[in-house]
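Undergrad: output the structure for:
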Amino acid sequence: MPDITTLALFCAATLGLLIVPGPAVLYIVTRSVAQGRGAGMISVLGVHAGSLVHVAAAALGISALLAASATAFTVVKYVGVAYLLWLGVRKLMRRGSTGDTPVELPVQTRRRLFWEGFVVNVLNPKTAIFFLAFLPQFVHPEAGPVGPQILLLGLLWVVLGVASDGAYALLSSALAGRLRGSARARRRLDVGSGLVYLGMAAWLTTEKA
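TA: Residues are numbered from 1 along each chain as shown. Here you go, the predicted structure:
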């Protein structure tokens, strides 16, 4: 198993990466603004349940296969792109009432929030490649089997990710409280959410196999 110094360096490097907003953070912030901190936290759990899939894949060597196969990378990438495009178009095409009359925002179920976050992260091949490239830097074969070391580091990354993304969810929901009271704000949230989803899809298309 990695020693204390290695684990400390890993935690510092991980936090440095996590505090930089990426597609998962943008997704979580969007959910928190639209539906509140509870929805944001459920989305955090969904996203990092997806991270567990990538951790397990890295530990089992599946990520290495994905990185070596341009075809597999492309298939996974464009499935994720298609899903995000669908979410973005759906948001942009939604029509609501106009004006500033307070309205009750539609509430998605916790199950849907969780699984949407899960799918967004699982279908992001950049996450798989990230784990493949990042985790092995802190693995020492002389300390024991590589698989369990990667699994331990991946689980630690998920714990730190839940804490970091949870802070984003709480902060964004607190700042967005005044925005959820009107139909006009609701429409702006829909447009903003749609643009975030489309932006995430565009970001994925820039990744090289």
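Undergrad: now do the buried residues in the helix or strand containing residue 5.
TA: Assessed by DSSP states H and E, residue 5 sits inside helix 4-18. Residues of helix 4-18 classed as buried by neighbour count (16 or more other Cβ atoms under 10 Å): 6, 10-11, 14, 18. C-beta coordinates here come from the backbone N, C-alpha and C atoms, glycine included.
Undergrad: will you turn those residues into JSON lines that also has pLDDT and distance to residue 202?
TA: Below are these laid out as JSON lines (pLDDT from 0 to 100; distance: Cβ to Cβ, whole Å):
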{"residue": "6", "pLDDT": "82", "distance to residue 202": "37"}
{"residue": "10", "pLDDT": "86", "distance to residue 202": "31"}
{"residue": "11", "pLDDT": "88", "distance to residue 202": "32"}
{"residue": "14", "pLDDT": "83", "distance to residue 202": "26"}
{"residue": "18", "pLDDT": "79", "distance to residue 202": "22"}
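Undergrad: looking at these, which is nearest residue 144?
TA: residue 6 (12.3 Å; Cβ to Cβ).
Undergrad: residues contacting the residue minimising distance to the centre of the chain?
TA: For the chain, residue 24 is the residue whose C-alpha lies nearest the centre (Cα atoms, centre = their mean; 2.7 Å). With contact set as Cβ atoms under 8 Å, 6 or more residues apart in numbering, residue 24 has these partners: 47, 120-121, 124, 165.
Undergrad: what does residue 147 give?
TA: Residue 147 sits in contact with 59-60, where contact means Cβ under 8 Å, 6+ apart.
Undergrad: let me know the average pLDDT across whichever helix or strand it is part of.
TA: Residue 147 belongs to helix 146-175 when elements are defined using DSSP H and E. Throughout helix 146-175, pLDDT has a mean value of 88.
Undergrad: from the middle of its chain, how far away would that helix be?
TA: With Cα atoms, centre = their mean, to the nearest Å as the basis, helix 146-175 stands 10 Å off its chain's centre.
Undergrad: for it, which positions count as buried?
TA: Buried, per 16+ other Cβ under 10 Å, within helix 146-175: 149-154, 156-158, 160-162, 164-166, 168-169, 172-173.
Undergrad: who are the packing partners of the helix or strand where residue 134 lies?
TA: Residue 134 belongs to helix 125-134 when assigned by DSSP H and E. For helix 125-134, the packing partners by 3 or more Cβ pairs under 8 Å, 6 or more residues apart in numbering; DSSP states H and E come out as helix 37-60, helix 62-68, helix 70-93, helix 146-175.
Undergrad: in that helix, what's buried?
TA: Result for helix 125-134 [16+ other Cβ under 10 Å]: buried residues 125-132, 134.
Undergrad: that helix vs helix 146-175, what angle?
TA: On the basis of axes from the mean of the first three to the mean of the last three Cα atoms, to 10 degrees, helix 125-134 is oriented at 130 degrees to helix 146-175.
Undergrad: give me the mean pLDDT for helix 125-134.
TA: Mean predicted lDDT for helix 125-134 stands at 74.
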